[in-house]
Structure formats: C-alpha cells, structure tokens
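**Student:** Sequence below, structure please.
(3 chains)
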Amino acid sequence: MAILQPSGISSAAPHPRAARATLSRWERVSGRRPLFALPWRAYLPLAPALVFLIVFLLLPLGATVWLSLSPNVLIKFDGPGLANFSYLLGKPYYLDVLWRTLRLAAITTAVALLLGYPAAWFLRDLSARAASTLIIALTFPILAGPLVVVLGWMILLSDGGPLFGPLVRHGLIGPVRLLGTEAAVVVGQVHFTLPFVVLTLFAALKQIPVDALEAARSLGAGRVQVLRHVVWPLSLPGVLSACLIAFSLAASSYVSPHYLGGAATLTLTTLIAQFITATYNSQLASAAAVMLLIVMAVIVFGFTKATARAVRI
Amino acid sequence: MEQSRRNRGLSRRNLLRGAGALGLAGALPAAPALAQPRALTVSVWGGITQDAIKAHVLPEFEKRTGATLAFDIGAQGARYNKLLAQKNSPSADVFFAGDEAIVAGHRAGVLTPAHRKSLSNLAEVAEWAMRVKEKVPDDMVPSVPFTMIAYMLGYNPELVKEKPTSWADMWRPEFRDKLAFAAPAHTLMPAFVIIAAELAGGSETNVEPGFKKLAELRPAKLAYFWTDWAALDKTGDVTMATEFDYYFEAMKDQKYPIDYVNPKEKGIGCPESVAIVAGTKNREIAEVFLDLMISAQVQEVFATQLYAGSINKTVKLSPAVEARCSCGAKIEELRYFDPAMFADNRPAWTERLNIDVIPNWRAR
Amino acid sequence: MIGRLYLALIFLFVCGPAAMILFDSFNSATSFPSPFEHITLHWYLAILDHDEFLEAMRISAIVAAAAAAIATVLSVPAAYALTRRKLRGGHALATLLVGPLLVPQIVMGLAMLQLLSLAHIELGLGGLIAVHAVYVMPFTVRLALTGLAHFNFALIEAAKSLGAGRLRTVWHVTLPLIRTSVIAGFTFAFILSFVDLPLSLFLTTPRTATLPIQVFAYMESRLDPLVAAVGALVLAAAIGLTLTLERVFRLRIAG
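**Tutor:** Residues are numbered from 1 along each chain as shown, chains lettered A, B, ... in the order given. The predicted model follows:
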C-alpha cells in the first residue's frame, strides 16, 4: 500500500534554529531518542482537554465504578466486590444482550460505511455550494427529533404501513414481518448514523489533494487503481473515525431498539435503562455499563492500534 | 487568491465565534438573574397531566398562596431516580407517582407525610382510594391519591371478530405477534405475573406457574406508553393491547380503531398519588397544593377532561363522563394489589422475566 | 451520472422520514402518523399555546452551541499535539479522549446528577452543558484527528522560518487548512447534542428542559402532529440559520 505524501506544497529547508529546537541535547549528542525523555511541552496542548475529561468524565465514572461494586436489592454481599459482575456474566441472557448490542453495532457500522463511502466520494466532485447543500440535506433531518423520525420508520416498516401495506394487500408479497426484528433495528440505526459517517468521510476525502490523484493518473493509473492505491489509503484516518463514530452511536442508541425492535431484541442500553428506571437498581446498571465500557474500550483501543500505521498517531 | 479567500473566511469565523460567545455569555446569566416569584416545584408526568394541572390547579393555587408552580417533568422512573440522587438537597417539592413508588419513596426516606389538618378536603376522599398504608404519625398522612385509573384489555374492533372477555384471551393464537404487552419495566408487570399465575392454577403466593404461562405469550411489542404501539394499531400490526383506560379513551377521541373491555378476572385498579418530598423548604404551600388536588372542583375537571377517575366522594359526574372513567360503580369491578407487595417483589420478578420469560418471546 | 443517481438514492433514504414528518405537520388528522386529511396550520399555531416547546428549543440550542464550542476548542489543540509528534502513550491518550463514546449516555447523566448532588451544586444549564460537552468531545476529537492526519507539518516550520510567531502560525496556517474538519466537527457536535435524550434525562429542571425531553414528555400521553410541527420548525430554523451564515460570512460546511 503505497502512501503518497501530499505534494504540491514546497517545503523550504528548515531553518537551522528550527531544526535544533526539535532535538533535545541527549538526542543531538547520541543521535537517538532517549527512552524516558518527556518533551512535556508537546503534551501541553492536550492539557485542557484532559483536565476537562478528568473532572467531568473520570470523576463521575469513578462514582459509577464504585456503584458497580456495591451490593443492591437483588444481589446482597459484603462491601465492594465483583458479585454484580459475576452475576451478569453468569446469565446467558445478559451475555446474549451484550453480544447482540455489539453485533448490531458492527453490522450498522459496516452498512453505513458501505453506503457512506461512495456518497462521500461522489460529493467530492460537486461544487462547494452543491456539496454544502447536500451535506446540510443529509445531516439536518435528524434535528426534527430522533423520536419522531423513528416513529416514521415504525410506520414505514410495519406490515400495514404505506410501504408494504399496498403490496401485501394486493398479494404481491407475503407478510414481511420486518418490524420487531434485528433488521429493523439496523435500518433505524443506519439511518441515524449514515449522515455522520458521510460527513466524516467527506471531511477526510476533501483533504486529499487533487494533485495526488492527477499525479497518479498521469503515471498511467486507471480509475480503480487510483481508488485502491491513492484514495483509500489516504482516506483511512477518516474511515477509522467514521467506524468508531458509527459503532459507538449504534451501540449506545436507545430509540431504535426500543421502537423498532421487538420483544426479544433488547440491547444493553434498554436493559440499563430498565435497571435504572424500573427496579431503581443503579448498582446493577452501573455494573452493566462498566461491562460495556470495558468491552468497547478494548475494541476501540485495538482498532486504533491496528490501523495506526495508516494514521499519523 | 485561494489563500486570501480562506483568510477572509477565517477572520470572519473568528468574528462569528466571538459574537457567538458573547451572545452565549449574555444569555446565560440573564436567566437566573431574573427575579423569580416563589414557586412550588411539581415533579409530574408531562403532557395532559401537566397541562391539566396548569389549567385547573395553578390559578387557584396562585390565588391562595401567591406562589406559582414550576414543573419538573418526566417518566416516573427518571423522576424517582432524581429524588434518590438528590436526597440531601431535593429540587422538587411534591412528587406524583403510582402508589408503589410512593411506598418505595417513604421507605427510602425521600418522601415525607403531610399534616391531616392542612388538608381540608381530606374527609371527602374515598376510603378505597387511600391505599398507601405506610406507618406515619396519627396526625399525618403519607400521601394523597389524586386519581384512579384502570389497566384494561384493548382490541381493534375492526379486525378482531370475537370480542375478548378475559385476560386469557391474550394467549389466543390469533394474537400471536399482534399483542402489545406491558414491558418488564412497566409499573404493572408484577400484576401480570400474578394474573398469569392464577390463570395457570397458581396464586399470589405461588407465582411460579405465572412465569411459565407468560413464557407462552407472543407479544409483538413491549410497551411503556401507549404511544409505543399506537401507530401499529392503525396499520393493523397490533390488534390487542394492554393499557390504561384513560389512554384508551383518549385514543378513541383521536379516532384510533380501538376499544377495550374490563376482563372477567377484573381489570387492575391503579390509584395514583402525590406526596411531599422530604427536605422541601415549601411545606406549607405544598400542603395547599395537595389539598387542591383532592378538592371536588379539581377532581371533577380531571374526570371530565382526562377520563381519570375521581377519588373525591362528593363529586357528582354526569352518566356520560362516568361511563368513560374509572368512577362510581366501576370501582368495585376492579382488582387492587398491595403496592408494598409490588415494591418488595419487583426486583426479583423483573430478573425472572428477563432471564426465563423474554428469551421465549423470540417469536420468529 | 452514477454519482448523482447514487447521491439521490442516499438522499431519499435519509430524508424520507423527515419529509414524511414535514408533510404530516400540516395534516389536520388528530393522530400522528395518519393518512392525509386536509391541510392546516393548526399544529404550528398550537405550538404557540405550548410555550414550553419554544423555551425548550431555546435551551437545547444554547446547550448544543456551548457544548459544541467547548468541545471544539478543547479538541483541536489536543488533536494537534497527538499528530505533531509521536508521543509516548499516544494511543492510550487518543482512546481516553474518545472515552465518553464508551459510556452509555444514561449512565453518564445519572453519574453527573450524583456528582452534582454530592457537591451540592444546583442542577441547571451548567451541568447540562458540561455533560453534553463531554459527550460530543470524542466526535470533535476524531474529526480534528482526521483533519490533521495528512497535515504537512513542514508548513509550520516554513512559517516559523519566515518569522511567524506561534499564534500567527496557528491562525493563518494551521486552522485554515483543517477548516473543513473543524467545522464538520462543530456541526456534528451541535446536532448530536441537540437531539440527545438520555443525557438530559436526569439533569433537567423546570426552567431548563431540553427539546427532546419536552417532546418525550408530550408523547407519553399525546401523539398528534404537534410533534411533527415542532420537528419541522426546528429543521426550518436550522436550515435558515445555516444559509444565513453561509451568505453573510461565506462560511461553508463543505469549505
């Protein structure tokens, strides 16, 4: 996979002072990066974001983790312990729910990516004004409210609705029974995440300089080859972002599984909501949330690392 | 040229950001700085209940106390969690909920009783409505009921030829995948565990057969609110549903193809109450509010407009209104459960439903 | 040709339900969704009777704008630091920055409620904005990272060698080149915050209810085209605002 450097921008020879500023004394002398050199200044711009997250994410999460280790109305035990977790992990039902959540999120991500990549690519060819208009047309509809939109899908996907109803009534197809299945949930989730996937991919594809493509073409590459060897590798950071975004949006979606799913398609979010709002068991809810968190953290970290070669970090 | 266009955009964007930030900064302090009249914060369901309180309780309340009402709206579960989390500094003053949550709230120490003396209309409240029996001092009352609604069995009269007469009809093959049923997290789930148990030969104290019987159901939709399945009633994807009578009446008004019956095993009577939040700084006006809620005028309006049954003995309703709400003689035809028993058993029964019953509802 | 057709199909898929909602908002039928009866502006006028909806729209807009702004301002420098040099623990930091993605929103909201109660801080706009900002930050971070992935840092060196100070470099070199990503990130964050329900579930007060909470509460007991009218109104406002921004400030999402 050849990765072309963005060209067309001449880089002057770095100023000697600038060159020196990037190497520490140790580096200049030994020619190597010291093992524990902390170019702390390089971390500085990260500080505000990290502080913000520590206060508003890690602190509340700490409370959640504490709760997840606490006894509750359902599971009584002494002091902080993992009994909640062993309970949840011991029940096939909960593992099933967890697996379903991840599976549906993965399918949603794949479908959204498949549909969104070509859309972002074609958008690139349009004029700035047309692209802007279309992007607005894609991302703004959700502002009408996911609840209301999902209601619309509930009607569209129902057997008696405007989509399948006439077909069933005229005997063209048998009852579809789409509503209440995992497929319906995926449709709802794809509908929600697709605009964001397109927007992310578009932002990434837009960064690819036209010169790179022209250079490839002028070297004799066909259209497909250009896509495979130039566009795809250069768009990988965007693809990675889009995957992460779609996956997490789908895994944490509540409205789609609730309205479009049936009696047996509970996801972890609806389950956690049930723990919190029905049995007032925030301890077990926290345990389920921590479970989801750990699994997703592993997935995200693994995914980021695996595709690290293609992105800058 | 490209470069200069971008630069222009950039500095304008900066301007925009600055303007936005200033605007934001301007908007934010304005709200709290405005002098607010004293307000009683009411934790209640949104929609028609909130509207009815605003329209029919608020004017009289303002006249009597000089204070106004602020509404903290949401589903009961979310509002109750808020109470639990804000134990030391509650933001609500009065709390509307089903009786079970009222019981739970007293046990958790987030609700406090009201003085009988401050409730001038208390004598008019029907005995059968006072179902919350938490232990409180003699001169106090844990909560006051404000309505009686019934959970009934509904069906689509256009599509269902044989009118249902019993809860057992839910298991009829024609309703497989066409039933909208209470979700495990629904307030009345424990009632159905018991009803199913009794249908299968068990009882309130022997609910094991109930779980087996429930596992044989084939619901198409698990619902919390009627709006979860209402649209499907229109398309014919749902032909039978369990729901509160006042919602069925509202649906009828909105021309949904729906009708309902009181099953022969008796529909479920659900009193709903309002209580004072522990730690409130507005106790006196809270008690005035409670008093207003049980007054004859308010009760009559609620029955007429919301089809929510009146709990005030002195209220006389026209036959037309009485037919549409849980009032008068209909009270006898309902079944009542002990809210304390629900509160005790809910966690365990919800788990049983999750683990043993729902996996069987994989209809396809 | 294929491109336009494909885009049209995608457009249809994404906008279909919204178009249905828009359509139905003019429906005189008393329930939603319903076959069309006859055209009426009744539901839009009904919104005026329910001033809590207008107030909720204002609150949601403020919270979303503030949350998106905070998230963007924090994310861009962080993304810059992560892409500038290969930092030790870069992967872990990147995962931390998208950490909020991993926490279910309802749990975040509940945890924030408990935190605020413990600290005896009153619920209000502050708490709402904080939790929304945390929620949208991963999106602005990811988009900024995407924008910086192919950034040619030699430009920075060039600017420095020409004598530009750090701030000027950022202003005139870095930001314009990652414009698309930053604007996309902001838009993203705004939209996600605006439509979110579970986050705000435990954090609203009588004076600060967000629009999704208000609509959800309304839908507990009523299902009429009013909610469609509210949705259509928000959509119109957003489109109007964006078009104004584009015309007046030549600010384009697609750069």
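**Student:** Which residue does chain B have closest to chain A?
**Tutor:** Residue nearest to chain A within chain B: B:G77 (2.6 Å; C-beta to the nearest C-beta). The C-beta positions use only the backbone N, C-alpha and C, and glycine is treated the same way.
**Student:** Show me which residues of the lengthiest helix in chain A are buried.
**Tutor:** The longest helix of chain A (DSSP state H) is helix A:92-125. For helix A:92-125, a neighbour-count test (16 or more other C-beta atoms under 10 Å in any protein chain shown) marks A:93-94, A:97-98, A:100-102, A:104-109, A:111-113, A:115-124 as buried.
**Student:** And stretch A:208-219, by the same measure?
**Tutor:** A:208-209, A:212-213, A:215-216.
**Student:** The residues you listed into TSV, with extra columns for secondary structure?
**Tutor:** What follows is the buried residues of stretch A:208-219, written out as TSV (DSSP: H, G, I helix; E, B strand; the rest coil):
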residue	secondary structure
A:I208	coil
A:P209	coil
A:A212	helix
A:L213	helix
A:A215	helix
A:A216	helix
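**Student:** out of the residues you listed, who's nearest chain B?
**Tutor:** Among the buried residues of stretch A:208-219, A:P209 lies closest to chain B (C-beta to the nearest C-beta), at 12.4 Å.
**Student:** can you tell me if the host helix or strand of B:A220 touches chain A.
**Tutor:** According to DSSP states H and E, B:A220 maps onto strand B:219-223. Yes: interface with chain A: strand B:219-223 contributes B:219-222 (C-beta under 8 Å from any C-beta of the partner chain).
**Student:** Take those residues and write them to a markdown table, including distance to C:P100 and neighbour count.
**Tutor:** Putting the residues of strand B:219-223 next to chain A into a markdown table (distance: C-beta to C-beta, whole Å; neighbours: other C-beta atoms under 10 Å in any protein chain shown) gives the following:
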| residue | distance to C:P100 | neighbour count |
| --- | --- | --- |
| B:P219 | 35 | 29 |
| B:A220 | 35 | 26 |
| B:K221 | 32 | 24 |
| B:L222 | 29 | 26 |
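**Student:** so which of these comes closest to chain C?
**Tutor:** For these, the nearest to chain C is B:K221 (14.6 Å; C-beta to the nearest C-beta).
**Student:** so how far is stretch A:162-175 off the chain centroid?
**Tutor:** Taking C-alpha atoms, centre = their mean, to the nearest Å, one finds the center of stretch A:162-175 at 36 Å from the center of the full chain.
**Student:** Just the residues contacting it, thanks.
**Tutor:** A:155-160, A:176, A:178, B:235 (C-beta atoms under 8 Å, 6 or more residues apart in numbering or on different chains).
**Student:** Check stretch C:34-51 too.
**Tutor:** So stretch C:34-51 is contacted by B:234, C:23-29, C:53-54, C:218, C:224-226, C:228-230, C:233 (C-beta under 8 Å, 6+ apart).
**Student:** Find the nearest non-adjacent residue to B:V136, please.
**Tutor:** Leaving aside its sequence neighbours, B:V136 sits nearest to B:P113 (C-beta to C-beta, 6 or more residues apart in numbering or on different chains; 4.2 Å).
**Student:** how close does that neighbour sit to B:T280?
**Tutor:** As defined by C-beta to C-beta, to the nearest Å, B:P113 lies at a distance of 12 Å from B:T280.
**Student:** same thing with B:V321?
**Tutor:** On the measure of C-beta to C-beta, B:V321 and B:T280 end up 34 Å apart.
**Student:** same thing with B:G98?
**Tutor:** 21 Å.
**Student:** what about the longest helix of chain A, near chain B?
**Tutor:** Yes: against chain B, helix A:92-125 shows contacts by C-beta under 8 Å from any C-beta at A:93-94, A:96.
**Student:** What is the nearest of those to B:R131?
**Tutor:** A:Y93 (33.8 Å; C-beta to C-beta).
**Student:** Contact partners for the residue of the stretch 1-150 of chain B found nearest chain C?
**Tutor:** The stretch 1-150 of chain B approaches chain C most closely through B:G46 (2.5 Å), counting by C-beta to the nearest C-beta. Contacts were defined as C-beta under 8 Å, 6+ apart; by that measure B:G46 touches B:71, B:73-74, C:214, C:216-218, C:220-221.
**Student:** Now tabulate the contacts of stretch A:162-175 in a markdown table and tack on neighbour count and distance to C:S75.
**Tutor:** Listed next are the contacts of stretch A:162-175 as a markdown table, based on neighbours: other C-beta atoms under 10 Å in any protein chain shown; distance: C-beta to C-beta, whole Å:
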| residue | neighbour count | distance to C:S75 |
| --- | --- | --- |
| A:I155 | 25 | 38 |
| A:L156 | 20 | 36 |
| A:L157 | 23 | 37 |
| A:S158 | 26 | 41 |
| A:D159 | 21 | 45 |
| A:G160 | 22 | 46 |
| A:V176 | 16 | 43 |
| A:L178 | 17 | 39 |
| B:T235 | 20 | 44 |
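**Student:** Pick out the most distant pair among those.
**Tutor:** Using C-beta to C-beta, the pair of the contacts of stretch A:162-175 lying farthest apart is A:I155 and A:V176, separated by 13.5 Å.
**Student:** Nearest residue to the closest residue to chain B within the stretch 51-200 of chain A in space, ignoring adjacent ones along the chain?
**Tutor:** Across the stretch 51-200 of chain A, the shortest distance to chain B (C-beta to the nearest C-beta) belongs to A:G160, at 3.0 Å. In space, and not counting its chain neighbours, A:G160 is closest to B:T235: 3.0 Å by C-beta to C-beta, 6+ apart.
**Student:** any idea of the pLDDT on the one you found?
**Tutor:** With respect to pLDDT, B:T235 scores 84.
**Student:** got it, and the one 3 residues further on?
**Tutor:** The model reports B:V238 with a pLDDT of 91.
**Student:** Report how many residues lie close to it.
**Tutor:** When neighbours are defined as other C-beta atoms under 10 Å in any protein chain shown, B:V238 has 31 of them.
**Student:** ditto for A:K76
**Tutor:** Around A:K76 there are 8 other residues, counting by other C-beta under 10 Å.
**Student:** which ones are touching A:R100?
**Tutor:** Contact analysis of A:R100 by C-beta under 8 Å, 6+ apart lists A:182, A:265-267.
**Student:** all strands of chain C, in order?
**Tutor:** Counting by DSSP state E, chain C has no strands to list.
**Student:** cool, and the stretch 251-364 of chain B?
**Tutor:** Secondary structure of the stretch 251-364 of chain B (DSSP state E, counting those that start in this stretch): strands at B:259-261, B:267-277, B:334-335.
**Student:** thought the residue nearest to A:G160 was touching A:V176?
**Tutor:** No: look at B:T235 against A:V176 with C-beta atoms under 8 Å: they stay out of range, at 12.0 Å.
**Student:** Distance check, the residue lying closest to B:L353 once chain neighbours are set aside against B:K54.
**Tutor:** Distances taken as C-beta to C-beta, 6+ apart place B:P184 nearest to B:L353, at 4.3 Å, with adjacent residues excluded. Distance, B:P184 to B:K54, by C-beta to C-beta: 33 Å.
**Student:** Now do the contacts for the closest residue to chain B within chain A.
**Tutor:** Proximity of chain A to chain B (C-beta to the nearest C-beta) peaks at A:T277, 2.6 Å away. Residues near A:T277 by C-beta under 8 Å, 6+ apart: B:75-78, B:80-81, B:185.
**Student:** Show me where the stretch 101-250 of chain C dips below the pLDDT cut-off.
**Tutor:** The stretch 101-250 of chain C contains residues with pLDDT under 70 at C:249-250.
**Student:** For it, which residues are neighbours of chain B?
**Tutor:** By C-beta under 8 Å from any C-beta, the residues of the stretch 101-250 of chain C that approach chain B are C:110, C:113-114, C:117, C:120, C:122-125, C:171-172, C:175-176, C:179, C:201-202, C:204-207, C:209, C:213-214, C:216-224, C:245, C:249-250.
**Student:** Mark which of those residues are buried, thanks.
**Tutor:** Here, 16+ other C-beta under 10 Å leaves C:110, C:113-114, C:117, C:123-125, C:171-172, C:175-176, C:179, C:201-202, C:204-207, C:209, C:213-214, C:216-224, C:245 buried among those.
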